[in-house]
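Visitor: give me coordinates for this.
(2 chains, ligands or ions: 4)
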Amino acid sequence: MATQATFRIWRGDPAGGAFQDYSTPVEEGMVVLDAVHRIQAQQANDLAVRWNCKAGKCGSCSAEINGTPKLMCMTRLSNINLEMPVILEPMRTFPLIRDLVTDVSWNFRAKKTIRPFRPRLPDSPDGTWRMQQADVERVQEFRKCIECFLCQDVCHVLREHHKQDEFIGPRLLVHAAALEMHPLDAEDRVSDLRRKHNIGYCNITTCCRQVCPESITITENAIIPLKERVVDQFFDPLKQLFHIL
Amino acid sequence: MPEFQRFSYDVLVIGAGGAGLRAAIEAAATGAKVGVVCKSLLGKAHTVMAEGGIAAALANVDDRDNWRVHFSDTMRGGQYLNNWRMAELHAREAPDCVRELEAWGALFDRTKDGRILQRNFGGHRYPRLAHVGDRTGLEMIRTLQDHGIHAGMEVHMECTVLRLLLDGGQIAGACGYDREKGRFYLWQAKAVVLATGGIGRAYKITSNSWEYTGDGLALAYHAGAELQDMEFVQFHPTGMVWPISVRGILVTEGVRGEGGVLRNSEGRRFMFDDIPDLYKEQTADTEEEGWRYTQGDKNARRPPELLTRDHVARCINREVKAGRGSPHGGVYLDISWIKKHLPKSEEHIKRKLPSMYHQFKQLADLDITQEQMEVGPTTHYVMGGIRVDGDTQMSTVPGLFAAGEVAAGLHGANRLGGNSLSDLLVFGRRAGRYAAEFAKTRAAATVDEQQLQATAAAALAPFDRGPAGENPYQIQYDLQDTMQDLVGIVRTEQEMQQALAAIEKFRARAERIGVVGNREYNNGWHTSVDVTNLIIVSEAVTRAALMRKESRGAQFREDFPNKDAEWGKYNIVVKSGADGAMQVEKIALSPMPDELKAVIEEMK
Ligand SMILES: Cc1cc2nc3c(=O)[nH]c(=O)nc-3n(C[C@H](O)[C@H](O)[C@H](O)COP(=O)(O)OP(=O)(O)OC[C@H]3O[C@@H](n4cnc5c(N)ncnc54)[C@H](O)[C@@H]3O)c2cc1C
Ligand code: SF4
Ligand code: SF4
Ligand code: FES
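Guide: Ligands and ions are numbered 1, 2, ... in the order given. From the prediction side, this is the model:
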C-alpha cells in the first residue's frame, strides 16, 4: 500500500468553491474519514465534515468519493486507487453548507408529511401484541436504514429533476414501506403514496439500491410492493368496474 | 455585539438521544411547550450505536425473572454504591417502557410464541435483553424520533449549548450556537433537562462518538450542580484492536451472549481461571455447561465470559501484560467455534450478529463465522454524572434535571450491559414528567443579558488569536493520551498526580486556543469548545479516583488492590467551590429500606 496519498477535497460554500489538494501519510487499515481527520487536524483546521460514530451506524458521513456516494467511515483506502488523487465531494443533491457538509434538513421535513404509525388494538388483555419472527423480518430489513441519504443523493428524480416538493425519494419510500408492512399498523397510506408522495415518479432505475450501505433491497422489496398496492387500489379492473357501476 | 436568536419554552431538553427524546415526548404529552437542542442531526445521537439490547424483566423467556431479580442484579453489579431508589424504579418500570416502544412501532426480535425475545448478557441472571439483532439502539432512537416528530416538540438540530443560565439560583434556560452558521441562540426555559450523554472522548481508545465530550457534566458543574461517582468509568472488555484506525470500536457483548469465548495466545479459556467469590455460585464449572447456558438451558450456569465488564476487562489486561495476548495487543474472541455444535452456524451468526459480521468484514477483512477476532478493552461508559433525586431526576439546582448517561446513581460502581437503554427510557420519562410539573409552578425567569454577551465573547475569542494560537485538535489528542495512560483501567496515586499536573497545563493551553476560518461549520472552532469541557470532566474523574483509595467495580487501584468495606459506605461528590476550584468530598449513602435489603438477601 502507498504511504502517501493525495486527497482532492471540495472546499467552498454556496457562494462558490474549488477543489484543493492535500497530501497526507496513509497506513494499513485506514478509511477515508481517517485521512480527512488527519488533514483537518494538521493542515486545514476549519475543514467542514459531518460524522458521529465512525462505525457505519449513524449515517452522518455521507459524501461522494471518486464520484460514488459512500460513507467515508466505511470506505477503506485499500479499496481505492491511491496512485491518483482521491476526489472527495459533498452530496450534490442537497444544498451545500460548506466543504463536505450539506443541508439535509429537507429529508426531515418530508418525513413529517408521511402518516405516522398507528397500531391495531392490542392482541392480549395485558395490552401487548403477538407477532411471528417471520412476519417482522420483512420490515426489520427496512428498519436497518441509518438515514445516510445516499439513496436520495443518487435518485435522478431529486438530483436532476429537483422534485423535492412532490416526491419523497427512496429513503422515505422505504420508511413508508416499513409502516405499510408493519404487522401491527392499521393506517392506510396508499392514496397518499400515489397523490401526495408521487411514487409514480420512480421508474425503478435501482440506482438507490446500489448505493445503500445497509444493503436494503430498496426497489424490489420496498418500492415495487408499494407500487403494486397503488395499482391494486386504483387500477384494479374489478374495483374500477364497481366504481363505474 | 453578537445577536441572539430567541426562543422560549416551558421545558428545554438538551440532547436528543434516547433519554432526551423520551423526556421530550413525556413533557410534550402534558401540554408543555417543549424545545429540544442537539449537537448533531436528529437520530444520529450516540444511542444509535447501541447494539446488544434493553434490559427489562419482561420474563418472556424465563418466567423466573421479575423486577426483584433485576434490582438485585443491578445492585450487585454496581457493588452496592447505586442509588437504591433508582435501581428499584428502573427494575420496576423498564418492562412497561419497553412495551411502550413496541406500541410506538419498534419491532423487536420474537419468541416462538410471538412475544418480545430476550437474550443473555453479563451480570443478568436470566435472559433479559429485548433486542433487534445487534442494532437495538437504532431501533430505539428511530422509534422515539418518528414518534417524537409528531408529538409537538421543536427541534434545533446541530446546535451546541455553551452555558446554562440562572436567575437567582433558579434555572432560566440555556444559550449556544448553531454549527451551520455560527449564529448565537437563547433558549429561555422554566425547566431544563440535560440528556447529553457521556465522556468517552476523554480517552484515546473509546467506543464513543465525537459528541461524548462531557458537555452536560461541565454545563451542570458551572451551574453549581454536584457530580457523583466520577471515578467509575467503564472499560468495555471487547473493542476492536486492529486495524489501528478502528481501534476502540465496540464488539458487542452479544457475541459472548450467543456463545462467543475468549482465548489467549495459548488457546486457553483464561476466564475460567479467575472467578470472583461474589459470582462463584452463578458461574459454570465447565465449558460444556457454559455453552448450554448460552443456548437457553435453564439448569446451566453462565460461562465466565459473561461475568461483569470490569472483571473481564481486567482479565484481558492481565493476559496481555503477561505476554499471552494476540499479535496486536488484545486477546481472541471466537464465535466461529460454535460450528462444532450448530450445523448451520454461519447463517446463525449472520442472523444474530449482522452488524458485527459486517463491521469485521468491512473494516478488518475478517469473516467472524470462520475466524477469531482480536479484541481488547475500550472506554465505553461513565457511571458517574450529575447527582439527581431518584424519583424526579432533579439535580441540586432547582429546575435542572438530568437523565441518561449524563446522570449518576443507577449503576453505582459498574453498569450492567443493557441497563443503559432501559435507564434512558425509565428516567427520561420521569425527568420529562417532573420537569413539566416543575415548569407549571414557575413563571419565566429573566435572562441576564450581560451573561449572554460574556458567553458569546468567550466563545469567539479563539478567532481573535487565529493561527498563532494553540491547535485545539492537538490539545484534545494530548489530553486523550494522558487519560489513557495515567487514569485508565489500572490506576495509581503517582500516575494520577501526574495526570492532574498535565491537566493544569492543558487548561492553560486551552486558554490560548486559536481557530482559523469563519464561523460556518467550523470543526476547529467546535473542538475548541469541546476541549474545555473535556478538561473539566478529566479533572473530575482523576480527583475522584484519587480520593477513593480502594478497588471496586470499574475502579482498579494497583496501590489499593482490595475492596474496603469502609469505602462501600460512600459516594464521592465533585462540585465547583466558591473560589472556582474543584471540590471533592465523600458523602454517606442513604440507608436502604428494609424491604429492599430483604430482596437483596433473598436473591443472594
Ligand atoms: C457502541 C456502543 C454500544 C452500546 N450498546 C449498548 C447496549 O446494547 N445496551 C445498553 O443498554 N447500552 C449500550 N450502550 C450505552 C448506551 O448506548 C448509551 O449509554 C446511551 O445511548 C446514552 O444515551 P443518552 O440519551 O444518555 O445520550 P446520547 O444518545 O449520547 O445523546 C446525547 C445527546 O446530547 C446531545 N448533546 C451533547 N452535548 C451537547 C451540547 N453541548 N449541546 C447540545 N446538545 C448536546 C447530543 O447531540 C445527543 O443528541 C452502548 C454504547 C456504545 C458506545
Ligand atoms: S429506483 Fe426509483 S427511487 Fe430509486 S433511484 Fe431510481 S427512480 Fe429514484
Ligand atoms: S435506505 Fe439505505 S441508502 Fe437510503 S438512507 Fe437508508 S441506509 Fe441510506
Ligand atoms: S460516522 Fe457514522 S456512519 Fe460514518
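
Visitor: the residue in the stretch 51-200 of chain B positioned nearest to chain A in helix, strand or coil?
Guide: Nearest to chain A, among the residues of the stretch 51-200 of chain B, is B:Gly114, at 3.4 Å (Cβ to the nearest Cβ). Using the backbone N, CA and C atoms, a C-beta is placed for each residue, glycine as well. Three-state call for B:Gly114 (DSSP: H, G, I helix; E, B strand; the rest coil): coil.

Visitor: what about the closest residue to it other than its chain neighbours, how many neighbours?
Guide: Closest residue to B:Gly114 apart from its sequence neighbours, by Cβ to Cβ, 6 or more residues apart in numbering or on different chains: A:Arg130 at 3.4 Å. Counted with other Cβ atoms under 10 Å in any protein chain shown, residues neighbouring A:Arg130 total 15.

Visitor: for A:Arg130, which three-state class applies?
Guide: Applying three-state DSSP: A:Arg130 is coil.

Visitor: got a list of what it touches?
Guide: A:123-124, B:113-115 (Cβ atoms under 8 Å, 6 or more residues apart in numbering or on different chains).

Visitor: report pLDDT for residue 129.
Guide: You didn't say which chain, so I picked chain A. We note a pLDDT of 96 for A:Trp129 in this prediction.

Visitor: that's the wrong chain, I meant chain B
Guide: B:Leu129 is given a pLDDT of 97.

Visitor: can you pull the contacts of it?
Guide: B:52-55, B:118-121, B:136, B:257, B:417-418.

Visitor: which residue packs closest to it, ignoring adjacent ones?
Guide: Nearest one to B:Leu129, counting by Cβ to Cβ, 6+ apart, is B:Gly53 at 3.0 Å.

Visitor: quick one: is the helix or strand hosting B:Ser528 near ligand 4?
Guide: Using DSSP states H and E, B:Ser528 sits in helix B:523-547. No: using Cβ under 6 Å from any ligand atom, helix B:523-547 never reaches ligand 4; the gap is at least 13.3 Å.

Visitor: what comes up buried for that helix?
Guide: Using 16 or more other Cβ atoms under 10 Å in any protein chain shown as the test for burial, helix B:523-547 gives B:523-547.

Visitor: try stretch B:396-411
Guide: In stretch B:396-411, counting by 16+ other Cβ under 10 Å, buried: B:396-397, B:399-411.

Visitor: most widely separated two among these?
Guide: Spatial extent of the buried residues of stretch B:396-411 (Cβ to Cβ) is set by the pair B:Gly399 and B:His411 at 25.0 Å.

Visitor: got phi/psi on the residue of the stretch 201-350 of chain B found nearest ligand 2?
Guide: Of all residues in the stretch 201-350 of chain B, the one sitting closest to ligand 2 is B:Lys350 (26.1 Å; Cβ to the nearest ligand atom). Per-residue torsions, B:Lys350: phi -60, psi -30 (degrees, to the nearest 10).

Visitor: which residues does the residue nearest the centre of chain A contact?
Guide: By Cα atoms, centre = their mean, chain A has its centre lying nearest to A:Phe149, at 2.7 Å. Counting by Cβ under 8 Å, 6+ apart, A:Phe149 touches A:59, A:62, A:91, A:94, A:104, A:107, A:171.

Visitor: ok, now with 7 Å
Guide: By Cβ atoms under 7 Å, 6 or more residues apart in numbering or on different chains, the contact set of A:Phe149 is A:62, A:91, A:104, A:107, A:171.

Visitor: measure the second one to ligand 3 for me?
Guide: Spelled out, it's A:Met91. Remark: distance between A:Met91 and ligand 3 (Cβ to the nearest ligand atom, to the nearest Å) = 11 Å.

Visitor: could you look up the SS state of the closest residue to that residue other than its chain neighbours?
Guide: Once flanking residues are discounted, A:Met91 sits nearest to A:Asp153: 4.2 Å by Cβ to Cβ, 6+ apart. Counting by three-state DSSP, the backbone at A:Asp153 sits in helix.

Visitor: B:Arg201 too?
Guide: helix.

Visitor: ok, it - how many residues close by?
Guide: B:Arg201 - counted by other Cβ under 10 Å - has 24 other residues nearby.

Visitor: now, which of the buried residues of stretch B:396-411 sits nearest ligand 1?
Guide: Of those, the one sitting nearest to ligand 1 (Cβ to the nearest ligand atom) turns out to be B:Gly404, at 2.4 Å.

Visitor: ok, that closest one touching B:Thr196?
Guide: No: counting by Cβ atoms under 7 Å, B:Gly404 stays clear of B:Thr196, with 8.1 Å between them.

Visitor: can you map out the helices along the stretch 1-150 of chain B?
Guide: B:18-29, B:67-77, B:84-103, B:136-148 (DSSP state H, counting those that start in this stretch).

Visitor: deepest of the ones you listed, which one?
Guide: helix B:18-29 (a mean of 30; mean count of other Cβ atoms under 10 Å in any protein chain shown).

Visitor: so what does that helix touch, helix or strand wise?
Guide: strand B:4-14, strand B:34-37, helix B:136-148, helix B:419-440 (3 or more Cβ pairs under 7 Å, 6 or more residues apart in numbering or on different chains; DSSP states H and E).

Visitor: which one of these lies closest to B:His46?
Guide: Closest among these, using Cβ to Cβ: helix B:136-148, at 8.1 Å.

Visitor: who touches the closest one?
Guide: With Cβ under 7 Å, 6+ apart as the criterion, helix B:136-148 contacts A:57, A:116-117, A:143, A:146, B:17-18, B:21-22, B:24-25, B:42-43, B:45, B:47-54, B:101, B:104-107, B:132, B:421.

Visitor: mind giving me the packing neighbours of the one helix or strand in chain B whose mean pLDDT sits lowest?
Guide: Least confident helix or strand, chain B: helix B:277-280 with a mean of 86, by mean pLDDT, DSSP states H and E. If contacts are counted by 3+ Cβ pairs under 7 Å, 6+ apart, helix B:277-280 sits against no helix or strand.

Visitor: how far does the next helix or strand along the chain from it sit from its chain's centre?
Guide: Tracing the chain past helix B:277-280, the next element assigned as helix or strand by DSSP H and E is helix B:287-294. Relative to the centre of its chain, helix B:287-294 is centred 30 Å away, using Cα atoms, centre = their mean, to the nearest Å.
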